[in-house]
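Visitor: below are the sequence and a predicted model for it; my questions follow.
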Amino acid sequence: MFNLPTENIGGQELFVLEFGDIVNYFSPYTAALFAFALIFTALAIVSRPERQVDIAFGGDAYYAKEVDVDLLRFQRFMAIACGLATLGAMVSGDVFNFTLFASLVGITNIGIVAAYKNKHVLNAAFQYGIVAMLATVPLFGGAAIILASTGTLSMWELFADGVVVPIIAKAFLVIGVMGEGMAPFYVAKAEITRAQGAPFILMVHVSSLLLFLRVIEIVISM
Amino acid sequence: MKANQSIISRISAAVSRVENLTALYALFFVVVAVLGLVTLPSITYYDDQLYPKTIIPESSLNPYDRGGVPFETTPVKAQYPENSPYVGYVTTYLTPLSQWLADHTHHFGTTIVAHPGGIIDEILYNTRGLDTVVETSILFVAFGIASYLFRRDD
């Protein structure tokens, strides 16, 4: 019964995971993205925080910044949650389920960056948070337009030849994911990466890049 | 910003400011939304919806009334019925308290969120169960962030 249309850029499905009407699939493409997300989640779990050092100019002195244990634990929790949300979004076979995972990625990203006390970082995180909240409107709007104009949300039906998805729904989906994952808006990220907290801060970048690759696959296949 | 800068430098300088990020995104969204409004007449509503919704104004379970008799199966549309073998069995279930409320008031359908054991919406909890899990996770993460930020300075 479950056969992905072959012109789909992800290729044929390798493995299908059924949750009622939501049928997740692993094609070579989504399985590769899933593997990347899995690797980075594992790295976030096992790795230790970096220790930043500021060199004082004109002398031999340097300041070693302290690692705040509470901040570390909270960021690790958020990074793992972000990784799990990315895993879900990578293999989701349903448009609405994908948008939910995308907004979960957005809110965990906010959690990672909002925990700092540095003023510049918090300022960037504030702007980032506003954009992520704003992005839920086009994200869920895109899913709603798809449901209204095609009658279904399952990607297995939407990827078929006969189904025409309005271009505006696709554009809304892409804008929504851009806002949630902040993939092209690196201006906020440059400020955010001033903060210490590697490797947890890297989860923000990995999740947004993977999310963007996945939404492109969905939009082209529909 | 100097007056004799090229237009590209000015755009680059404006885009590189974090404070302009929200406005930039909003502008981008508005442009796409306006283009969407232009294409709106070409989008038609698809009549054969997967999750149909009927409002029965006189029902006390409105707007969650999906019909059927308790302990019998009710026809419920699903995308993949073979994945949900028990679809249609829980949609009419009401606890005794819920049944009493439904019999005596006209507003039971609106108490769904506040009342455990109220109407179990088949589409939400049976055929699209993973959505419910993810929605709850979003709320949980949001509460987690809020409580961390609130108690940070203790």
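Guide: Cool, the structure landed. Residues are numbered from 1 along each chain as shown, chains lettered A, B, ... in the order given.

Visitor: what's the first helix or strand after the worst-scoring helix or strand of chain B on mean pLDDT?
Guide: Here the helix or strand of chain B ranked lowest by mean pLDDT, DSSP states H and E is helix B:122, holding a mean of 61. With elements assigned by DSSP states H and E, the helix or strand that comes after helix B:122 is helix B:129-150.

Visitor: where does the residue positioned nearest the centre of chain B land on pLDDT?
Guide: Closest to where the C-alpha atoms of chain B average out (CA atoms, centre = their mean) is B:E135, at 8.5 Å. Per-residue pLDDT puts B:E135 at 88.

Visitor: hmm, it is touching A:F101, no?
Guide: No - using CB atoms under 8 Å, B:E135 is not in contact with A:F101, being 10.7 Å away. For every residue, glycine as well, the C-beta is placed using N, CA and C.

Visitor: low-confidence ranges, chain A, go.
Guide: A:1-11, A:182-198 (pLDDT under 70).

Visitor: how many neighbours does the spatially closest residue to A:A125 that is not a sequence neighbour have?
Guide: Of all residues not flanking A:A125 in the chain, A:V113 sits nearest, at 4.1 Å (CB to CB, 6 or more residues apart in numbering or on different chains). A:V113 has 27 neighbours, counted by other CB atoms under 10 Å in any protein chain shown.

Visitor: could you look up the SS state of A:V113?
Guide: With DSSP: H, G, I helix; E, B strand; the rest coil as the basis, A:V113 sits in helix.

Visitor: and A:D60, by the same measure?
Guide: coil.

Visitor: for the top helix by length along chain A, buried residues please.
Guide: Ordering each helix of chain A by length in residues (DSSP state H) puts helix A:119-150 first. Neighbour-count burial for helix A:119-150, counted by 16 or more other CB atoms under 10 Å in any protein chain shown, picks out A:121-122, A:124-136, A:138-147, A:149-150.

Visitor: so where do the helices sit in the chain?
Guide: Unless you meant another one, I'm taking chain A. A:28-46, A:69-91, A:95-114, A:119-150, A:155-158, A:167-181, A:186-192, A:202-221.

Visitor: switch to chain B, that's the one I care about
Guide: Taking DSSP H as the criterion, chain B carries its helices at B:7-15, B:21-39, B:96-104, B:122, B:129-150.

Visitor: helices or strands up against the longest one?
Guide: In this structure, helix B:129-150 packs against strand A:22-26, helix A:69-91, helix A:95-114, with contacts taken as 3 or more CB pairs under 8 Å, 6 or more residues apart in numbering or on different chains; DSSP states H and E.

Visitor: pick the most deeply packed of these.
Guide: Among the helices and strands packed on helix B:129-150, helix A:95-114 has the highest mean neighbour count (mean count of other CB atoms under 10 Å in any protein chain shown), at a mean of 26.

Visitor: what's that one packed up against?
Guide: Checking 3+ CB pairs under 8 Å, 6+ apart, helix A:95-114 ends up next to helix A:69-91, helix A:119-150, helix A:167-181, helix A:202-221, helix B:129-150.

Visitor: so which of those helices gets nearest B:N20?
Guide: B:N20 lies closest to helix A:119-150 among the helices and strands packed on helix A:95-114, at 8.7 Å (CB to CB).

Visitor: roughly how far out does the closest one sit from the chain middle?
Guide: 12 Å (CA atoms, centre = their mean, to the nearest Å).

Visitor: just the angle between it and helix B:129-150, please?
Guide: 160 degrees (axes from the mean of the first three to the mean of the last three CA atoms, to 10 degrees).

Visitor: what helices or strands is helix A:119-150 leaning on?
Guide: Secondary-structure packing of helix A:119-150 (3+ CB pairs under 8 Å, 6+ apart): helix A:95-114, helix A:155-158, helix A:167-181, helix A:186-192, helix B:21-39.

Visitor: swap the cut-off to 10 Å and go again
Guide: Identification of packing neighbours for helix A:119-150 by 3 or more CB pairs under 10 Å, 6 or more residues apart in numbering or on different chains; DSSP states H and E yields helix A:95-114, helix A:155-158, helix A:167-181, helix A:186-192, helix A:202-221, helix B:21-39.

Visitor: now do the same end-to-end measure for stretch B:73-85.
Guide: With CA to CA, to the nearest Å applied, stretch B:73-85 spans 11 Å between its terminal residues.

Visitor: can I get the helices and strands packed on helix A:119-150 in CSV including distance to A:A79?
Guide: As requested, the helices and strands packed on helix A:119-150 are exported to CSV (distance: least, CB to CB, whole Å):
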stretch, distance to A:A79
helix A:95-114, 6
helix A:155-158, 28
helix A:167-181, 15
helix A:186-192, 13
helix A:202-221, 4
helix B:21-39, 23
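
Visitor: pick the most buried one from the ones you listed.
Guide: helix A:95-114 (a mean of 26).

Visitor: could you check the angle helix A:202-221 makes with that one?
Guide: If you take the same axes, to 10 degrees, helix A:95-114 sits at 160 degrees to helix A:202-221.
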